[in-house]
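Novice: build me a structure from this.
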Amino acid sequence: MVTQEQRKRQLAREKFLRQQQRRTEARRKARMRNSVIASVLGVVVIGSVAIYTTGVLKNDDKADASSQTTPSAAATSKAPDPCEKAAAGSVKKLSWKKEPAVTIDKSAKYTMKLATTCGDIDIALNASAAPHTVNSFDFLAGKGYFDHTKCHRLTTNGIYVLQCGDPTGSGSGGPGYTIPDENLKDKSLKGGVYPAGTVAMANTGQKHTGGSQFFLVYQDSQLPASYTPFGTVSESGMKVLKKIAAAGESTGQGDGAPNATVVINKATVTKS
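Specialist: Next up, the predicted model:
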């Protein structure tokens, strides 16, 4: 028969083991956050469908730690949802076997408007430097592909981006085709930094694996020049992005679903 004193000792041991497990898990997560950048905004292509992963965001441990930007407390803390209720409607389930033919005017100016629950995000598209990418977005937006989709990922540690373009809202969706990398030698990508306001494609880290997922940079982010930059967010759009970032992300670890309910009610590409 177990005595009361033995029972107390058993409970104390169990409590100690639980504490040790929590500390081990915390150390594991810390190592993940501070290891080398190996995979970001990733996608995996299976068959003819582009499947996007949510790879761990990592920092270059050879970099000077003092040069890394520390995210504000507001960026990782729980905050009230600053966004409105999504418009009525549902996501269309669309897929194509191959990239649409390039029909845009490469010499013309194109603008994409993301009418989101958090405010409008206007993006100037660079058709001359990234014609395949801009043509794909013109095609997809015209089909209503992005309408009612969630921006499913916010990073607030190491890199600072909002990721959108997945109809499933899970990080595993794509249009069924891939597009080639473009504009990777853009002059704006200096010193391995994607400047605030850049809009770029997600991919697997392998060449020519972009699909429909893209990310919007709300603060200068150190990344290899492997992600097609194809647009620039307007000043008013940057205010919307910063509002979303200020609400933080769901895990508290700097990489998760945004706390703000970011839904693209409608995406429109306009030629001017």
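Novice: which elements pack onto the longest strand along the chain?
Specialist: Assignment by DSSP state E gives strand 263-271 as the longest strand of the chain. Helices and strands touching strand 263-271, by 3 or more C-beta pairs under 8 Å, 6 or more residues apart in numbering; DSSP states H and E, are strand 110-116, helix 131-142, strand 149-150. For every residue, glycine as well, the C-beta is placed using N, CA and C.
Novice: helices and strands of this protein: which one has the lowest mean pLDDT?
Specialist: strand 49-52 (a mean of 36; mean pLDDT, DSSP states H and E).
Novice: and the longest strand of the chain with strand 110-116, angle?
Specialist: 160 degrees (axes from the mean of the first three to the mean of the last three C-alpha atoms, to 10 degrees).
Novice: quick one, helices of the stretch 51-200 of the chain?
Specialist: 73-76, 131-142 (DSSP state H, counting those that start in this stretch).
Novice: out of these, flag the one nearest residue 92.
Specialist: Of all the helices of the stretch 51-200 of the chain, it is helix 131-142 that lies closest to residue 92, at 10.3 Å by C-beta to C-beta.
Novice: so where is this structure shaky, pLDDT-wise?
Specialist: Where the chain drops to pLDDT under 70, the residues are 1-78.
Novice: show me where it has strands.
Specialist: 43-46, 49-52, 110-116, 119-125, 149-150, 153-157, 159-164, 193-194, 198-201, 214-217, 221-222, 229-233, 255-256, 263-271.
Novice: output the helices of the stretch 51-200 of the chain in a markdown table; the columns should cover distance to residue 240 and mean neighbour count.
Specialist: Below are the helices of the stretch 51-200 of the chain laid out as a markdown table (distance: least, C-beta to C-beta, whole Å; neighbours: other C-beta atoms under 10 Å):
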| stretch | distance to residue 240 | mean neighbour count |
| --- | --- | --- |
| helix 73-76 | 15 | 15 |
| helix 131-142 | 18 | 22 |
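Novice: bridging residues for residue 256?
Specialist: The partner list for residue 256 in beta bridges (DSSP bridges) reads residue 154.
Novice: and it, what does it touch?
Specialist: 153, 154, 249, 250 (C-beta atoms under 8 Å, 6 or more residues apart in numbering).
Novice: could you redo the last one with a cut-off of 10 Å?
Specialist: Residues in contact with residue 256, defined by C-beta atoms under 10 Å, 6 or more residues apart in numbering, are 54, 76, 152, 153, 154, 155, 156, 248, 249, 250.
Novice: still on that earlier bit, give me the angle between the longest strand of the chain and strand 119-125.
Specialist: Going by the same axes, to 10 degrees, strand 263-271 makes 30 degrees with strand 119-125.
Novice: parallel or antiparallel, list what pairs with strand 263-271.
Specialist: strand 110-116 (antiparallel), strand 149-150 (antiparallel).
Novice: closest to residue 201 out of these?
Specialist: Counting by C-beta to C-beta, residue 201 lies closest to strand 110-116 out of the strands paired with strand 263-271; the figure is 13.3 Å.
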